[in-house]
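Q: Predicted coordinates and the sequence they were generated for:
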Amino acid sequence: MRIWEIIATPVAFRDPPLLNATGVHEPWALRTIVEVLTDEGLTGLGETYGDQAHLAKVRAAGRELVGLDVYALHDAYARVAASVGNDVVTDQHGLTGAGSNQKTVDAVYSPFEVALLDIQGKAAGRPVADLLGGAVRPAVPYSAYLFYKWAGHPGEDDDRFGAALDPEGIVAQARLFIEEYGFTSIKLKGGVFAPDQEIEAIRALRDAFPDLPLRLDPNAAWTPATSLRVGEALAGTLEYLEDPAPGIDGMAEVASRVPMPLATNMCVVTHEHLPPAIAQGAIGVLLSDHHYWGGLVRSAHVASLCETFGIELSMHSNSHLGVSLAAMTHLAATIPSLKHACDTHTPWQDGQDVIAPGALRFEGGAVPVPDGPGLGVEIDRDALAKMHEQYQRCGIQRRDDTSYMRRFHPTFEPKKGHW
Ligand SMILES: O=C([O-])C(=O)C[C@H](O)[C@@H](O)C(=O)[O-]
Ligand SMILES: [Mg+2]
């Protein structure tokens, strides 16, 4: 079975004004849906970023894959690498670390790999999880991913989540998410307010939810000295502290002196970062993400490597749709060493999706692994067309949380190592 055609469709969907260390989410989030069509009539799905420079690379690489055997993943990777050449595509927000050539190749390859696995699963009549060695858990737990946020985008009505700008607002947001999704662990996106305010928010969450694991992620907004202070203040309260300080060196300085493990999706984001991070003992938990670690099989290899070196695993998420949630769930279901709930932005999409309803649902904060062939999800063509039209109308071609924030706070600066 060979690749006949590849279609990459950029889409946009509404996103609330979520605050982070680099600014605030714009009113529209972008993604690209990749459809791989075969000469035997099967179609595979992948999902990736929607920034224009990345989309151009995906389309160029897709042209090189036409005619390829759908089982030839190594060949597909080599063709994508050749298509990317020495180029580096960076994202403006930097929330997943710096760009590099390796990360660019892995990010461009990822949606094709997921789509090819979807096709292989459909051909075999088996879920993608079975192609990855089989599920070791029937459902994948996700965390309630809390954000400080404005009540609504400036100039618009308030959204249904409301404002969360203090501990009370954060606890109310957690209650809403837990009520609606049943989450059994909580992550707070920090790096927005001074560290003492964020410590207060974590303490308020601890009081409100005494039994739930908590994690805090300021996206490297603190110095190592501040990270040590916060780490000590929150001793016994956090399951892990995520990216408190910038860089492998900064994290290593903090790691051995705080009472909880440090996690990252910023200082270790591609293979070349693993040897120095391991040698310096910089991290205890890696948040993997198949969107930039080269798809599902390569992410599973990284998981094995982490196990060898005693690094625990969790999973990172940007704003995403159901094709990605399905892929994340199949992967996470098959990693025996994954002990932490994964991140997902799904609640913030509030029902908007490109996939037909029914295949994915949350039960007690976990997503049961879809049991249909392949990823187990299908495109809702009307929804895809509508979201593509939104992309064409929304006027955003690259995620830029900082410029959007500066429209309302002109002197705003990203908070890297700020406090
Ligand atoms: O560090 C993280 O967990 C993320 O990068 C997740 C997202 O990018 C999040 O921070 C966001 O979308 O603002
Ligand atoms: Mg993070």
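A: Great, that's in hand. Ligands and ions are numbered 1, 2, ... in the order given.
Q: per-domain residue ranges of this protein.
A: 2-128, 129-368 (the TED database).
Q: what's the closest non-adjacent residue to residue 262?
A: Of all residues beyond its chain neighbours, the one nearest residue 262 is residue 255 (4.8 Å), with distances taken as CB to CB, 6 or more residues apart in numbering. (Glycine included, C-beta is placed from N, CA and C.)
Q: I should have written residue 319 there, sorry.
A: Residue 319's closest residue in space is residue 29 (CB to CB, 6+ apart), at 3.9 Å.
Q: What of residue 309?
A: Excluding the flanking residues, the one nearest residue 309 by CB to CB, 6+ apart is residue 278, at 5.1 Å.
Q: between the domains of the chain, which gets nearest to ligand 1?
A: domain 2-128 (3.5 Å; CB to the nearest ligand atom).
Q: Would the closest one count as contacting ligand 2?
A: No: Domain 2-128 lies out of reach of ligand 2 by CB under 5 Å from the ion, never closer than 6.9 Å.
Q: quick check: mean pLDDT across that domain?
A: Averaged across domain 2-128, the pLDDT comes to 97.
Q: cool, and stretch 292-309?
A: Here stretch 292-309 scores 98 as its mean pLDDT.
Q: Could I get the buried residue list for that stretch?
A: Buried positions in stretch 292-309, judged by neighbour count with 16 or more other CB atoms under 10 Å: 292, 293, 294, 295, 296, 297, 298, 299, 300, 302, 303, 306.
Q: That stretch near ligand 1 anywhere?
A: No: judged by CB under 6 Å from any ligand atom, stretch 292-309 stays clear of ligand 1, getting no closer than 10.7 Å.
Q: how near is the residue nearest to residue 113 when sequence neighbours are not counted to ligand 2?
A: Of all residues not flanking residue 113 in the chain, residue 295 sits nearest, at 3.1 Å (CB to CB, 6+ apart). Look at residue 295 and ligand 2: by CB to the ion, to the nearest Å, they are 20 Å apart.
Q: Next up, the contacts around residue 295.
A: 106, 109, 110, 112, 113, 114, 117 (CB atoms under 8 Å, 6 or more residues apart in numbering).
Q: Helix or strand: which one has the fifth one?
A: In this structure, residue 113 is located in helix 101-124 according to DSSP states H and E.
Q: any residue of stretch 338-354 up close to ligand 2?
A: No: using CB under 5 Å from the ion, we find that stretch 338-354 stays clear of ligand 2, coming within 7.5 Å at best.
Q: My error: substitute stretch 186-201 in the last question.
A: No: with CB under 5 Å from the ion as the criterion, ligand 2 is not reached by stretch 186-201; the gap is at least 7.8 Å.
Q: ok, and residue 146, which helix or strand is that part of?
A: Using DSSP H and E, residue 146 sits in strand 144-147.
Q: which other residues reach the helix or strand that that strand is followed by?
A: Counting by DSSP H and E, the next helix or strand C-terminal to strand 144-147 is helix 167-181. For helix 167-181, the surrounding residues in contact (CB under 8 Å, 6+ apart) are 142, 144-149, 161-164, 183, 186, 188, 200-201, 203-205, 208-209, 347, 362, 365.
Q: Now the next helix or strand after helix 167-181: buried residues?
A: Remark: after helix 167-181, the chain's next helix or strand is strand 186-189, criterion DSSP H and E. For strand 186-189, a neighbour-count test (16+ other CB under 10 Å) marks 186, 187, 188, 189 as buried.
Q: now those residues as JSON lines including pLDDT?
A: What follows is those, written out as JSON lines (pLDDT from 0 to 100):
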{"residue": "186", "pLDDT": "98"}
{"residue": "187", "pLDDT": "98"}
{"residue": "188", "pLDDT": "98"}
{"residue": "189", "pLDDT": "98"}
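Q: Looking at these, which is nearest residue 15?
A: residue 189 (13.6 Å; CB to CB).
Q: for the residue nearest to that closest one when sequence neighbours are not counted, what are its contacts?
A: Leaving aside its sequence neighbours, residue 189 sits nearest to residue 147 (CB to CB, 6+ apart; 4.7 Å). Listed by CB under 8 Å, 6+ apart, the contact set of residue 147 reads 16, 18, 19, 20, 164, 173, 188, 189, 348.
Q: Report pLDDT for residue 147.
A: Note on residue 147: pLDDT of 99.
Q: Which members of the contacts of residue 147 are classed as buried?
A: Here, 16+ other CB under 10 Å leaves 16, 18, 19, 20, 164, 173, 188, 189, 348 buried among those.
Q: Tell me which two in those residues are the farthest apart.
A: Greatest spatial distance in the buried ones among the contacts of residue 147: 16 and 188, 15.7 Å, computed using CB to CB.
Q: follow-up on the earlier one: what about ligand 1: which of the buried residues of strand 186-189 touch it?
A: Filtering those for proximity to ligand 1 by CB under 6 Å from any ligand atom leaves residue 189.
Q: Dump the buried residues of strand 186-189 to CSV, plus distance to residue 215.
A: Conversion of the buried residues of strand 186-189 to CSV gives the following (distance: CB to CB, whole Å):
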residue, distance to residue 215
186, 7
187, 5
188, 7
189, 10
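Q: of the buried residues of strand 186-189, closest to residue 242?
A: Relative to residue 242, the closest of the buried residues of strand 186-189 is residue 187; by CB to CB it sits at 7.7 Å.
Q: Distance check, that closest one against residue 168.
A: Going from residue 187 to residue 168 by CB to CB, to the nearest Å gives 18 Å.
Q: Same check on residue 36?
A: Counting by CB to CB, the gap from residue 36 to residue 168 is 47 Å.
Q: got it, and residue 58?
A: Distance, residue 58 to residue 168, by CB to CB: 43 Å.
Q: Give me the more crowded residue out of those two.
A: Neighbours of residue 58 and residue 168, each counted by other CB atoms under 10 Å, are more numerous for residue 58; the result is 27 against 12.
Q: next SSE after the strand or helix carrying that one?
A: Here residue 58 sits within helix 52-65, counting by DSSP H and E. For helix 52-65, the succeeding helix or strand toward the C-terminus, using DSSP H and E, is helix 73-84.
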